[in-house]
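A.B. asks: model this:
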Amino acid sequence: MFKRTKIAFGLASATVAIAGVLVAPQAVANSKAEKVAIAMDKKVEAMELQIQQMANMMEAMQSELTQVQTEAVNNSSDGRFMELENWMASVKNTPVQVRTKDNMIFFRGGWAHNLHSRNGVSIHSTTALGSGAALGGPNGGRGDSEGWYVGAGFDFSLNDNLFGLMDNTEVLAELAVQYKDLGTTNSNILAASLGGGGLTARTVTVSSVQVTASPKIKFMKGSKFRPWIIPIGLSLNVISPPSESITVLAPGIVFGVGADYNLWEDIYVGIDGRYHEIADQDGVDQDGFELGAYVGIGF
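C.D. replies: Sure thing, here's the model as predicted:
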């Protein structure tokens, strides 16, 4: 009985051992497979998470790009529209101004007055020869103090706001030339008469030519009526007949004031007054003033 029990116990132990040997590798294999599967699942989950994150980032970037493009289009359209609106508003609110030309050619003329009647080599003279002491001839007459003038000139625009000091105040450069006639008088030179063979006096026209270059300040740019001033300008004066010392050229300065009116299209009419202060050359005094009118053409 004991022997049988021992044999059965041995058989059972062997069976259990064999079963353990057989079951242990399978359990180990199952455990490794589970670990690999879990690791694979984790890697897959991580990759899926990364892919989802990348997809989210791409979606956000696409959304941001779309928003930027939309804002750019809207801003461009709004900017152009606002610029157009501002331009239309400025045009609407800008007062209508007279069409003007900045430059002008003008033709002037009028009354001239010298402060002193002048001498000259062939008119009234203080020399012995001029007084007739040498030849026994008459002393000629002085030039008149009253006369007339004609001239022409150009206005060239330099600036529209007095170099930043005053709006609608134009600065121009004027270049002009004029002829002044102070009448005729008897010459102190006696000449032989062709008809009777006697001596007779000739007549002499007392005149001068003036060339001036001046800055001109013209106000109220854009209106039809525009006053102006010449604060000071340079003049060169050629006289005829010459002085008793045969001087024909004298420098001087000129001041002026006037105004013009846009009559029609580019046609202007105006008035001006000027005063000339001229250096005395060998006793010849040419100081005087002028008052006249002019017609101008804008260009």
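A.B. asks: Would you mind listing the buried residues in stretch 244-259?
C.D. replies: Under the neighbour-count criterion of 16 or more other Cβ atoms under 10 Å, stretch 244-259 has 244, 248, 250, 252, 254-256, 258-259 buried. The C-beta positions use only the backbone N, C-alpha and C, and glycine is treated the same way.
A.B. asks: tell me the mean pLDDT over it?
C.D. replies: Computed over stretch 244-259, the mean pLDDT rounds to 91.
A.B. asks: which one of the buried residues of stretch 244-259 is nearest Lys43?
C.D. replies: Taking Cβ to Cβ as the measure, Lys43 lies nearest Ala259 of the buried residues of stretch 244-259, at 97.1 Å.
A.B. asks: Centre-most residue in this structure?
C.D. replies: Residue closest to the average C-alpha location in the chain (Cα atoms, centre = their mean): Asn159, at 6.2 Å.
A.B. asks: Name the spans of the stretch 101-250 of the chain whose pLDDT lies under the cut-off.
C.D. replies: Within the stretch 101-250 of the chain, the segments meeting pLDDT under 70 span 124-144, 188-201.
A.B. asks: now the helices for it?
C.D. replies: Ranges of helices in the stretch 101-250 of the chain, per DSSP state H, counting those that start in this stretch: none exist.
A.B. asks: Tell me where it has strands.
C.D. replies: Counting by DSSP state E, counting those that start in this stretch, one finds strands in the stretch 101-250 of the chain at the ranges 104-114, 146-159, 170-192, 199-218, 225-240, 249-264.
A.B. asks: Relative to Val44, which of these is closest?
C.D. replies: Closest to Val44 of those is strand 146-159 (Cβ to Cβ; 81.4 Å).
A.B. asks: Give me the sheet partners of that closest one and which way each runs.
C.D. replies: Based on DSSP bridges, the pairing partners of strand 146-159 within the sheet are strand 104-114 (antiparallel), strand 170-192 (antiparallel).
A.B. asks: export the ones you listed to TSV and tack on distance to Arg274 and mean neighbour count?
C.D. replies: Formatted as TSV, the strands paired with strand 146-159 follow (distance: least, Cβ to Cβ, whole Å; neighbours: other Cβ atoms under 10 Å):
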stretch	distance to Arg274	mean neighbour count
strand 104-114	10	18
strand 170-192	10	18
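A.B. asks: Quick one, which of these gets closest to Glu146.
C.D. replies: Across the strands paired with strand 146-159, Glu146 has its closest neighbour in strand 104-114 (5.8 Å, Cβ to Cβ).
A.B. asks: domains of the chain?
C.D. replies: Split into domains by automatic domain parsing, the chain comes to 1-95, 104-298.
A.B. asks: Return the most buried member of those domains.
C.D. replies: Among the domains of the chain, domain 104-298 has the highest mean neighbour count (mean count of other Cβ atoms under 10 Å), at a mean of 17.
A.B. asks: Next one: Ala46, what pLDDT does it get?
C.D. replies: Confidence at Ala46, expressed as pLDDT, is 84.
A.B. asks: Would you agree it falls within a strand?
C.D. replies: No. The assignment for Ala46, made by DSSP: H, G, I helix; E, B strand; the rest coil, is helix rather than a strand.
A.B. asks: And Val248, how close does it get to Val121?
C.D. replies: Look at Val248 and Val121: by Cβ to Cβ, to the nearest Å, they are 10 Å apart.
A.B. asks: again with Leu115
C.D. replies: Leu115 is 21 Å from Val121, by Cβ to Cβ.
A.B. asks: go on, Lys32?
C.D. replies: To Val121, Lys32 is 139 Å away according to Cβ to Cβ.
A.B. asks: Would you mind putting the strands paired with strand 146-159 into TSV with distance to Gln67 alongside?
C.D. replies: Putting these into TSV (distance: least, Cβ to Cβ, whole Å) gives the following:
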stretch	distance to Gln67
strand 104-114	59
strand 170-192	52
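A.B. asks: Of all the ones you listed, which one comes closest to Ala39?
C.D. replies: Here strand 170-192 is closest among those (Cβ to Cβ), at 91.0 Å.
A.B. asks: got the angle between the closest one and strand 249-264?
C.D. replies: Relative orientation of strand 170-192 and strand 249-264, computed by axes from the mean of the first three to the mean of the last three Cα atoms, to 10 degrees: 130 degrees.
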